[in-house]
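J.: pasting the structure only:
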């Protein structure tokens, strides 16, 4: 089958863990992954949501984002349900978080840090431990859908846009830093591949979850098709959603 730069469906079934955009918010993205032939394990906002959206290829559980034990449990549940893990997607959707943490209020800090920072760091740390235990090939993708901060808006040509709160902007930067540090781990692990991806607010795919998911599928398939183990230079390069996957040189910072 011929692939283009945007869509390349995998003929073989893959098992994917999707973390960061809880159901029901992440349903469109999860469904697009499932439509590519994948089985997808997600996290949900509530037990009711976890069961409501369960289908033949989409499964879900709930978790406590402030707990390393809970993060580890999500990984084990995904492995048990899917029998193995081939791919993991960490998705930081800043625009979605802006609806949850619109204002800079001290009463939101603890929940915001758990939701947008601690949860990602706990799950990424526990995932790496599990990967080192199993030593089976796996691809991990960090995806950030960026949203302009107050500082960004000083030089932005976009009018009528409410900038992200300081909390969301800080969490976005923390996610990127965590992703960059995680990507360096491929140096010592030939069974690990990492993809870093950014979708800027001006990206044509920004409001197209299906398109973003299709690009993620394409990126995973491209990495799996590589003849040689991924290099650190390839793993640590940020890629533009919708563009060609980097082969070693950073497309932008």
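T.: Looks like it came in fine. Every value quoted in this text rests on a predicted model; they were computed, and no experiment measured them. Numbering: from 1, shown residues only.
J.: Residue 197: what secondary structure?
T.: When classified by DSSP: H, G, I helix; E, B strand; the rest coil, residue 197 comes out as strand.
J.: got a pLDDT number for it?
T.: Looking at residue 197, its pLDDT reads 98.
J.: Equivalent analysis for residue 5, please.
T.: Residue 5 is given a pLDDT of 38.
J.: which residues are contacting the helix-or-strand element of the chain with minimal mean pLDDT?
T.: In the chain, the helix or strand scored least confidently by mean pLDDT, DSSP states H and E is helix 47-52, which has a mean of 87. Residues from elsewhere that reach helix 47-52 (C-beta atoms under 8 Å, 6 or more residues apart in numbering): 22-24, 44, 60-62. Where you see a C-beta, it was placed from the backbone N, CA and C, and this is true even at glycine.
J.: Apply 10 Å and report the result again.
T.: Residues from elsewhere that reach helix 47-52, judged by C-beta atoms under 10 Å, 6 or more residues apart in numbering: 22-25, 27, 42-44, 46, 59-62.
J.: Give me the distance between it and the centre of its chain.
T.: 21 Å (C-alpha atoms, centre = their mean, to the nearest Å).
J.: Equivalent analysis for stretch 173-187, please.
T.: Remark: stretch 173-187 is offset 12 Å from the chain centroid, using C-alpha atoms, centre = their mean.
J.: What is the subsequent helix or strand relative to the least confident helix or strand of the chain?
T.: Per DSSP states H and E, the first helix or strand lying C-terminal to helix 47-52 is strand 58-61.
J.: can you list contacts of that next one?
T.: Under the contact criterion C-beta under 10 Å, 6+ apart, strand 58-61 has outside partners 18, 22-24, 26-27, 30-31, 33-34, 38-47, 49-54, 70, 73-74, 77-78, 81-82.
J.: Buried members of the contacts of helix 47-52 into ChimeraX, please.
T.: Filtering those down to the buried ones (16 or more other C-beta atoms under 10 Å) takes a single ChimeraX command:
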select :22,23,24,25,27,42,43,44,59,60,61,62
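J.: ok, which pair from the contacts of helix 47-52 is furthest apart?
T.: 25 and 59 (16.6 Å; C-beta to C-beta).
J.: Over to residue 142. Which of the three states is it?
T.: Classified using three-state DSSP, residue 142 is strand.
J.: List the residues that contact the residue lying closest to it once chain neighbours are set aside.
T.: Distance criterion C-beta to C-beta, 6 or more residues apart in numbering; nearest residue to residue 142, sequence neighbours excluded, is residue 179 at 3.5 Å. Residue 179 makes contacts with 90, 92, 120, 124, 140-144, 194-198, 236, 238, as judged by C-beta under 10 Å, 6+ apart.
J.: and if we set it to 8 Å?
T.: If a contact means C-beta under 8 Å, 6+ apart, then residue 179 has 90, 142, 144, 196 as its contacts.
J.: quick one: the helices in the stretch 1-150 of the chain?
T.: 27-35, 47-52, 68-82, 94-100, 109-113, 119-134 (DSSP state H, counting those that start in this stretch).
J.: closest to residue 206 out of these?
T.: Per C-beta to C-beta, nearest to residue 206 of the helices of the stretch 1-150 of the chain: helix 94-100, 7.8 Å.
J.: now for that closest one, which elements pack on it?
T.: Using 3 or more C-beta pairs under 8 Å, 6 or more residues apart in numbering; DSSP states H and E as the contact test, the elements touching helix 94-100 are strand 138-145, helix 166-183.
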